[in-house]
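Student: Predicted model, plus sequence, below.
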Amino acid sequence: MRLLLISNSTNAGEPYLKYPIGDIGQFLGPVKEVLFVPYAGVTFSYDEYLRKVQERFDEIGVTVKSVHKADDPAGAVACAPAVVVGGGNTFALVKKMQEQGLMEAIRKRVLEGAPYVGWSAGSNIACPTLCTTNDMPIVQPMSFECTGLVPFQINPHYLDHNPEGHAGETREQRIQEYIEANPGRYVAGLREGCMLKVEDNRMQLIGPKTLRLFRRGDEPRELSCSDDLSFLLECR
């Protein structure tokens, strides 16, 4: 199984997908065509989303085909050289994927060896559930269940900062609520500019920041690029 799970598409002040595109190209290697899932896009069309992604993937010589143009979406996944799932609203993404039978289709295809790349919501759906997304539930999916490609949860865009004058819960407090209700489940707070790469049953953090790891009963801890995160793949 090969996964590249990216926290965010765009760093502040940079063009769309600019910071991760080199890592994406290196990860895909000889793969020159990918199937894109644009269903997290809400305030713009799927065609527009496809165009934005293709413009950046042109830089690494990769053709992007979108599942929304397929007559048989699940069938398109079954023969995809690689699968790419973009960010946006996780609830909208999960609802559409469930309706089209894409959760199981993607899981099967990735377990067969097709590389998987996701950012933001696309990283959320690699987890067992969508429960650690930051998004508002603008639509109601059939369930919270996702692909379960990894056995832990990811919180993309993880922030330590709490704005001055804000009296609501911090991101850490929200995650503490989740692990209290879901004992035994790890949550990886993936800061912006960072990604998790899974290859050969090993997982590593890539990026300039540490990952903050949560589990009920444990103090949150910081893990860096030099740490072996492979143990998280075994926590089922």
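Tutor: On my side now, so go ahead.
Student: so who does the residue most central in space within the chain touch?
Tutor: Against the mean C-alpha coordinate of the chain, by CA atoms, centre = their mean, the closest residue is S123 at 0.8 Å. With contact taken as CB atoms under 8 Å, 6 or more residues apart in numbering, S123 is in contact with L5, I6, S7, I154, P156, L190, L196. Using the backbone N, CA and C atoms, a C-beta is placed for each residue, glycine as well.
Student: Quick check: next helix or strand after the strand or helix carrying it?
Tutor: S123 belongs to helix 121-124 when assigned by DSSP states H and E. Using DSSP H and E, the helix or strand that follows helix 121-124 towards the C-terminus is strand 153-156.
Student: right, and the helix or strand after that following strand?
Tutor: Using DSSP H and E, the first helix or strand after strand 153-156 is helix 171-181.
Student: can you give me how far that following helix is from the chain middle?
Tutor: Offset of helix 171-181 from its chain centre (CA atoms, centre = their mean, to the nearest Å): 19 Å.
Student: go on, stretch 76-83?
Tutor: Distance of stretch 76-83 from the chain centroid (CA atoms, centre = their mean) equals 17 Å.
Student: ditto for stretch 163-175
Tutor: Distance of stretch 163-175 from its chain centroid, counting by CA atoms, centre = their mean, is 23 Å.
Student: Give the buried residues for that stretch.
Tutor: Buried residues in stretch 163-175, counted by 16 or more other CB atoms under 10 Å: R171, E172, I175.
Student: what's the closest non-adjacent residue to the first one?
Tutor: By that I understand R171. By the measure of CB to CB, 6 or more residues apart in numbering, the closest residue to R171 outside its immediate chain neighbours is L159, 5.1 Å from it.
Student: Provide the secondary structure category for L196.
Tutor: Assigned by DSSP: H, G, I helix; E, B strand; the rest coil, the conformation of L196 is strand.
Student: Can you get me a residue count around it?
Tutor: By other CB atoms under 10 Å, 24 other residues sit near L196.
Student: Please apply the same query to M203.
Tutor: 21.
Student: cool, and V85?
Tutor: If you count neighbours by other CB under 10 Å, V85 ends up with 29.
Student: Would you quantify the distance from the closest residue to it other than its chain neighbours to I6?
Tutor: Using CB to CB, 6+ apart and skipping residues adjacent in sequence, the residue nearest V85 is G122, 3.3 Å away. According to CB to CB, to the nearest Å, G122 stands 8 Å off from I6.
Student: Just the strands from this protein, written as ranges.
Tutor: Remark: strands assigned in the chain by DSSP state E are 3-6, 33-37, 63-66, 83-85, 116-119, 153-156, 187-190, 195-199, 202-206, 211-214, 221-223.
Student: Dump the ones you listed to TSV, plus mean pLDDT and distance to Q26.
Tutor: Shown next, in TSV, are the strands of the chain (pLDDT from 0 to 100; distance: least, CB to CB, whole Å):
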stretch	mean pLDDT	distance to Q26
strand 3-6	98	9
strand 33-37	98	14
strand 63-66	98	17
strand 83-85	98	15
strand 116-119	98	11
strand 153-156	98	21
strand 187-190	98	19
strand 195-199	98	10
strand 202-206	97	10
strand 211-214	98	20
strand 221-223	97	22
